[in-house]
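> Give the three-dimensional model of this entry:
(one chain, ligands or ions: 1)
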Amino acid sequence: MKYVEEYRDAELGKKLLERIRHRSRKPARLMEFCGGHTVAIFKHGLRQLLPPNIQMLSGPGCPVCVTAAADLDKAMALGKLPGVIITSFGDMIRVPGSRSSLQKAKAEGADVRIVYSAQDAIGIARDNPAKTVVFIGIGFETTAPTIAASVLQSEKEQIKNYCVLSLHKVCPPIMKAILDLGEVRLDGIVCPGHVSAVIGSRPYQFLADDYHMACAVAGFEFVDILLAIDLLVEQIESGRPEVAVPYRRGVKEGGNPAALKLMDTVFEVGEADWRGIGIVPDSGLKLRQRYESFDAEKRFDIKVSPAQEPKGCICGAVLRGVNTPNDCKLFRRTCTPENPVGPCMVSSEGACATYYEYGSEK
Ligand code: SF4
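Model (predicted):
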């Protein structure tokens, strides 16, 4: 199978579900790491269609949701500085920090602009030479290469009033951190498709080798996800974990060398602050010293008070797979997509927004 339509084939989906039902005997708790997978699983009702011994848990794979309140506070502090324009992807501006959001900061006079790419932010920098444009860089290995390219482009074109607040995160270390926390028993992980298209499947090998964890890299159509679950079940039933890649049309073992090179040229691995999880070593991407003039944290002396989480919000536990949105007392009551209390209700890939949209008790 090579093309998208084949991965939307209902008959094939039924056959895969039948095969999963037939061979799945042991209880299996599978975490879909990626928010895009969570949305696809809910949209197609896969949780209800799987046999009762298979439980799907949502993980910390939504870049908006995992951005720490402290990092958002930094973005808002930058927005208050004279002559600074904050540029950000749309979802981010509604996410609450400790005391405010970029949207509220904008209403109070900060120059906050939504952009669709770092290229747009560079354009704003070109048009406003007397101001400094800060791009709020969020996302996993999927978006980091394009942000790296924006830094290289700015250097080449001598655009000196552009910089990045790098809040980028990388996936394998947070998977390790979740497993090391030991709060949730997992038998398998549905590894993220887009991230894996960049990093390849090799970086997950430690999960099978060191954690005896079944792994399968999935694409985003329902057949993709069922193929991955089927392979996870096979590994769990046989007791032989490995890193399976049913998403061969998108992912190679070694990833995308050009994207990896871009990322490695501009960024180096450092610690990152994850909402609800805290500081995780080697799980973030910081600008290399060579590019420090494009680093908003180096360019500006940002001081923020200790961060606070929104009262009553259990996003942290949801992101760690410990709770579901149904466990939150605010879910559907005071917290809705129109009035989100926490980040998981803001992002279209957030677990709370997905539960709200599609609903599930399983
Ligand atoms: S429902 Fe709202 S308050 Fe509760 S965990 Fe989700 S985002 Fe946070």
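> all strands for the stretch 1-150 of the chain, in order.
Remark: strands assigned in the stretch 1-150 of the chain by DSSP state E, counting those that start in this stretch are 28-34, 54-61, 84-88, 111-114, 132-137.
> Now do the buried residues in stretch 182-195.
Of all the residues in stretch 182-195, those buried under the rule 16 or more other Cβ atoms under 10 Å are 184, 186, 187, 188, 189, 190, 191, 192, 193, 194, 195. Every C-beta, even on glycine, is put in place using the N, C-alpha and C of the backbone.
> What is the distance between that stretch and the centre of its chain?
In terms of Cα atoms, centre = their mean, to the nearest Å, the gap separating the centre of stretch 182-195 from the centre of its chain is 13 Å.
> can you give me the mean pLDDT across that stretch?
Averaged across stretch 182-195, pLDDT comes to 96.
> Just the buried positions in stretch 97-105, please.
Result for stretch 97-105 [16+ other Cβ under 10 Å]: buried residues 97, 98, 100, 101, 102, 103, 104, 105.
> and the two most separated of these?
Distances among the buried residues of stretch 97-105 were taken as Cβ to Cβ; the most separated pair is 98 and 103, at 14.7 Å.
> The ligand contacts on this protein?
313-315, 318, 325, 328, 330-331, 335, 340-342, 344-345, 352 (Cβ under 6 Å from any ligand atom).
> Inside helices: which ones of the residues you listed?
315, 318, 344, 345, 352 (DSSP state H).
> need these in TSV with neighbour count, can you?
Output for these, formatted as TSV (neighbours: other Cβ atoms under 10 Å):
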residue	neighbour count
315	30
318	30
344	35
345	31
352	32
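> got any ranges where this structure has weak pLDDT?
Along the chain, the model assigns pLDDT under 70 to residues 1-3, 360-362.
> which residues touch residue 322?
Applying Cβ atoms under 8 Å, 6 or more residues apart in numbering to residue 322 gives the contacts 183, 184.
> can you rerun that using 10 Å?
By Cβ atoms under 10 Å, 6 or more residues apart in numbering, residue 322 lies in contact with 57, 178, 181, 183, 184, 276, 314, 316.
> cool, residue 152 as well?
262, 265, 266, 291, 294 are the contacts of residue 152 under Cβ under 10 Å, 6+ apart.
> quick check, nearest of these to residue 359?
Within the contacts of residue 152, the smallest distance to residue 359 is 40.2 Å, found for residue 262 (Cβ to Cβ).
> so which helix or strand takes in the closest one?
Assessed by DSSP states H and E, residue 262 sits inside helix 257-266.
> just checking, next helix/strand downstream of that helix?
strand 267-274.
> Just the C-alphas of the following helix or strand past that next one, formatted as CSV.
Taking DSSP H and E as the definition, the helix or strand that follows strand 267-274 towards the C-terminus is strand 278-287. In CSV, the C-alpha atoms belonging to strand 278-287 read as follows (Å, rounded to 0.1, in the frame of the first residue of the first chain):
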residue,chain,number,x,y,z
GLY,A,278,9.1,19.5,35.1
ILE,A,279,12.7,19.8,34.0
VAL,A,280,13.8,16.8,31.9
PRO,A,281,17.5,16.6,30.9
ASP,A,282,18.3,16.4,27.2
SER,A,283,14.7,16.8,26.2
GLY,A,284,14.9,20.4,24.7
LEU,A,285,16.7,22.2,21.9
LYS,A,286,18.6,25.4,22.6
LEU,A,287,20.3,27.6,20.1
